[in-house]
Structure formats: structure tokens, C-alpha cells
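1. output the structure for:
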Amino acid sequence: MGLIRWLANIDRRIIFLFIAAAVVIPLILPIGMPVKVTPQAKAIYDAVEALPPGSNILVAFDYDPAAVPECHPMAIAFLRHCFAKKHHVIVVALWPQGAQLAVSALSETAREYGAKYGEDYVNLGYKAGGGIVIKSMGSSIPAVFPTDMAGKPVSQLPLMSKVNKLSDIALIMDLSAGDPGIPAWVAVANALYHVKVAGGCTAVSAPQFFPYLQTGQLVGLLGGLKGAAEYEALTRYEGRALRRMDAQSVAHLIIIVFIIFANVAYFVLRKQKKDEAAAKAAGPAS
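-> Numbering: from 1, shown residues only. Below you'll find the predicted structure:
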């Protein structure tokens, strides 16, 4: 009974210590817990695999630093897959910070596969306007993005000689943390120009895009850190998402254990109090 009372009155600092250990240890020493791949993540992987080498894939970085923990790992995993399959990557951003975040993701992945800037990938930078920008890209991408992020004319980028408008794009992958984001690409690029669109987004916003999956307007969807981990598992690359999922899973397990302990202690002590009250009410035995 002493253990039960201790659990019922455990110092919250002990709980914090357990949670800290559950997060830190798996990040330092990955456990490699299995990740179940959802059909919507597998659909994106299959779409990239089905494209012939040298296909043009547009990746939109429509998120800011606040969404980096969830969206950046999926960006890196997706770019690695594109470069591994020898596809051409055209990066744009409808969010101001997106273009710079793309620089970080591209520098981490392109060098690994020997991809050359201007030939295998380009970063066209940021353009304000949301759906208007996408609609204009349907007519002429160079007209919307006359220069790349560094100010170099797109006419001097060999890759852009093969990419004039959205119909030259085989697949669009939008990494979205809000508006403009997935809805704009679906409503314009897919609905108007019939270009295949896939998406990656924060976990909290993923449910609102499920109708797009059901209607076929989205090829697939990566939701939050779990979605990024699924894509890493599909590409057999143990990146930051899988390591963070280890930490997240262990932390959730610790929380569940403490919830169970707390409930057990509560009901045991409540029964004990009832028994004591009943015994007191009955009085001394005659």
C-alpha cells in the first residue's frame, strides 16, 4: 500500500525527469521502432518511382520556421528520393521564408547525389500571390520567375529550357503549413491544368485534406513527423524523422504508463477509504 500512496502523490519533477529521458535517450541512441506506412504516403513514393528518369518535379516550400520540425524532414526525404531516381527538381515558394528553407534542404541532399545546380535542380525563389502565381505558371513559368533566387536569369539555367509551363511538370509536391498551400495547388494546378499534386503538411492540418485524397485530387499526403518518418522508411533512409519518432513514441509510452499507474492508485485508495469508512460506521464488534 505504501507504493500505491507514493504513486498517488508522486512529485511531478520525477515525471518530468522520466519524460526528458524518454526524449533525449532515443535521440542519442536510436531504437529503430517500426513505423507503419500509410497508403497515402506509399502513393507518393509509388508516383515518384513510376516516373521515368529525368522527369520534372516541382517542389513548393510553403512553410516557415515554425513548421520546420514537421515539414523539413519530409522535404529532405522527398528530395533525396527525387535525386536518387535522377529526376529534375524545380523549387518555388509561395511563403517568404520557404525559399531560404529550400536552400538548406537542397544543400543537404543535392551534394550527396552529385546533383548540379542549373542542370539537375533550380531554386526559383519566392513569389507573392498564392493561386494567382500558380495560374500564371500554367501559361509561363519564366514569366512568373524570370530569375532564380540568386537573381540569375532562368534563360541561363539549362534545366529551365525544358520547363516552360505547368504542363511540363510531371508531379508537384507541396510542403504546406497553411495558406497558400495544398488547397491552392489542388484548385489551380490540378483542377485547371491537370497536373498531379501530392502534399505534405503539419499533423494538425492533415485531416482537412483527406477529401482531396478520396476524390483523387491529391496523389498522396504526408502528415506531420509521422508522415516524414513513413517516407524515410519507404526510401530506407534513417533520418531525423525516424529518430524523432522513436523519442515521440517512447515519451507517449511513458505518459500512458503514468496514466495507468495514477488511475490504479486512485481506485485502490478510494476503495481503501470506503472500507475504512464502512468499518468506522459499523463500530466495534460486539
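
2. how about the strands in the stretch 151-286 of the chain?
-> With DSSP state E, counting those that start in this stretch as the criterion, the stretch 151-286 of the chain has strands at 171-176, 197-201, 221-223.

3. ok, which of those comes nearest Ile134?
-> strand 171-176 (9.2 Å; CB to CB). Every residue, glycine included, has its C-beta placed from N, CA and C.

4. which strands or helices does that closest one pack on?
-> Counting contacts by 3 or more CB pairs under 8 Å, 6 or more residues apart in numbering; DSSP states H and E, strand 171-176 packs against helix 39-50, strand 56-62, helix 68-84, strand 197-201.

5. quick revisit: hey, which of the strands of the stretch 151-286 of the chain is tucked in deepest?
-> Neighbour counts (mean count of other CB atoms under 10 Å) averaged over each of those peak at strand 197-201, with a mean of 29.

6. and that one with helix 68-84, angle?
-> If you take axes from the mean of the first three to the mean of the last three CA atoms, to 10 degrees, strand 197-201 sits at 140 degrees to helix 68-84.

7. partner strands of strand 197-201, with direction?
-> strand 171-176 (parallel), strand 221-223 (parallel) (DSSP bridges).

8. thinking again about what came up before, and the strands of the stretch 151-286 of the chain as JSON lines, adding mean pLDDT and distance to Asn56?
-> Formatted as JSON lines, those follow (pLDDT from 0 to 100; distance: least, CB to CB, whole Å):
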{"stretch": "strand 171-176", "mean pLDDT": "96", "distance to Asn56": "8"}
{"stretch": "strand 197-201", "mean pLDDT": "95", "distance to Asn56": "14"}
{"stretch": "strand 221-223", "mean pLDDT": "94", "distance to Asn56": "21"}
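
9. out of the ones you listed, flag the one nearest Phe145.
-> Closest among those, once you apply CB to CB, is strand 171-176, at 14.8 Å.

10. circling back to that earlier point, and the strands paired with strand 197-201: which comes nearest Asp11?
-> Across those, Asp11 has its closest neighbour in strand 221-223 (36.1 Å, CB to CB).

11. partners of Cys201 in the sheet?
-> The partner residues for Cys201, given DSSP bridges, come to Ser176, Gly223.

12. and the strand or helix carrying Ile134, what does it pack onto?
-> Element membership of Ile134 [criterion: DSSP states H and E] is helix 131-137. Under the contact definition 3+ CB pairs under 8 Å, 6+ apart, helix 131-137 sits against helix 141-144.

13. for the helix it packs on, packing partners?
-> helix 131-137.

14. what's in contact with the helix it packs on?
-> With CB atoms under 8 Å, 6 or more residues apart in numbering as the test, helix 131-137 has contacts from 92, 94, 127, 129, 143-144, 165-166, 180, 184-185, 187-189, 192.

15. Pro34 falls within a helix, correct?
-> No: read with DSSP: H, G, I helix; E, B strand; the rest coil, Pro34 is coil and lies in no helix.

16. tally of neighbours for Met137?
-> 27 (other CB atoms under 10 Å).

17. all helices for this structure, in order.
-> 2-8, 12-28, 39-50, 68-84, 98-109, 131-137, 141-144, 182-184, 210-215, 224-234, 240-282 (DSSP state H).

18. of all those, which gets the most neighbours per residue?
-> Greatest burial across those, using mean count of other CB under 10 Å, falls to helix 224-234, with a mean of 25.

19. quick one: average pLDDT of it?
-> For helix 224-234, the mean pLDDT works out to 89.

20. my read: Pro65 touches Gln97, true?
-> Yes: the pair Pro65 / Gln97 is scored as a contact, 6.2 Å apart, by CB atoms under 8 Å.

21. cool, thanks, talk later.
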